[in-house]
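Sequence first, then the predicted structure:
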Amino acid sequence: MPEARAKKGAAGDGAARKPATDEAGGTAGTARPRRRQARGEARIAQLLQAAASVFCTSGYTASSTNAIAREAGVSPGTLYQFFPNKEAIAVELGDQLLARWRDTYGAAFTPSHIELPLDRMLDAVLDPLIAFNCENPAFFVLMHGSEIPGRITEEHDTLHVTMLGQVEGILAGYLPTVPAAQVHRVADMTFMMFKAGLDLILAHEGEERDAYVRELKTAMYRYLDPLIGDDSPRTAPHDTAPHAREGRTP
């Protein structure tokens with residue numbers, strides 16, 4: 001009888017005991033990924049937002065998981081429940097930012113833009129790209145650091161090639177009679193001008209940042225306008241090209 005009662009008690013304890021749960025809201029030992037739990041997703045988003053802030057403030061190399069946890073208002077132990085190290089955080093953040101960036105450049109490089117006058121085409125392409133980088137400064141940090149995890153740099157290099165191809169495709173529409181090799185060189189130069197101008201834009205804020213945006217558009221317009229030619233139906237008349245006019249000296 002004592003042995004039977006012991007067995008019954010053990011069974012009763014097991015039936016009454018609640019399954020262990022992790023902080024992400026998932027049940028320990030189950031197959032359901034804890035990242036699918038709402039609480040876990042919210043915690044991951046919190047940590048990634050904190051990481052973006054720390055990376056922008058300190059740079060990727062000087063950042064630490066302790067600093068990220070402190071910025072997020074959680075303990076390092078909580079952080080390690082979701083990410084094993086700083087590199088894993090950078091990869092997750094980089095993946096999300098790259099996904100948003102693909103959506104942005106996909107919208108910027110639409111085929112319909114080749115029907116626009118040159119100055120309006122520059123607005124249509126550059127404005128969303130510049131806005132994305134200004135709103136997501138961690139993207140620039142992760143894509144250009146010297147010690148960023150290889151996976152991020154590889155994906156960025158792939159995106160770089162794709163974006164250059166998009167630039168070349170738009171310029172080919174404006175330069176239909178120009179040899180392909182020359183169009184490629186013009187696209188390469190235009191893309192490098194954008195990258196250099198973006199560095200200056202991100203280094204400033206407020207009205208000064210807006211001024212550098214105008215300077216970049218003026219420089220690109222002045223470079224492309226003579227190549228496209230005044231007779232092109234897609235070239236705005238000089239007296240109606242606002243960015244070029246603003247940058248002219250009397």
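The structure has been received and is ready for your questions.

From here on, just use CA atoms for contacts and neighbour counts.
Noted.

you'd agree Glu147 is in a helix?
No: according to DSSP: H, G, I helix; E, B strand; the rest coil, Glu147 belongs to no helix; its state is coil.

The residue nearest to it when sequence neighbours are not counted in helix, strand or coil?
Of all residues not flanking Glu147 in the chain, Thr61 sits nearest, at 6.6 Å (CA to CA, 6 or more residues apart in numbering). Put simply, Thr61 is coil when judged by three-state DSSP.

Do me a favour and get the backbone dihedrals for Thr61.
When read as degrees, to the nearest 10, the backbone of Thr61 gives phi -60, psi -40.

So, low pLDDT: which residues of this structure?
For the chain, the stretches flagged by pLDDT under 70 are 1-36, 145-146, 150, 230-250.

How is it divided into domains?
33-84, 92-234 (automatic domain parsing).

Could you identify the longest helix within the chain?
In the chain, with assignment by DSSP state H, the single longest helix is helix 150-174.

mind checking how far that helix is from the chain centre?
14 Å (CA atoms, centre = their mean, to the nearest Å).

Check which helices and strands that helix sits against.
helix 86-108, helix 137-144, helix 180-202 (3 or more CA pairs under 8 Å, 6 or more residues apart in numbering; DSSP states H and E).

what's in contact with the second one?
Residues from elsewhere that reach helix 137-144, judged by CA atoms under 8 Å, 6 or more residues apart in numbering: 52-53, 55-56, 59-60, 90, 94, 97-98, 133, 148, 152-153, 156, 202.

Please report how far Ala99 lies from Val54.
For Ala99, the distance to Val54 equals 21 Å [CA to CA, to the nearest Å].

Also Gln182?
Counting by CA to CA, the gap from Gln182 to Val54 is 43 Å.

Look at those two and report which has more neighbours.
Taking neighbours as other CA atoms under 10 Å, Gln182 and Val54 compare with Val54 leading, 23 against 12.

still on that earlier bit, and the longest helix of the chain, which residues are buried?
152-153, 156, 159, 163-164, 166-172, 174 (16 or more other CA atoms under 10 Å).
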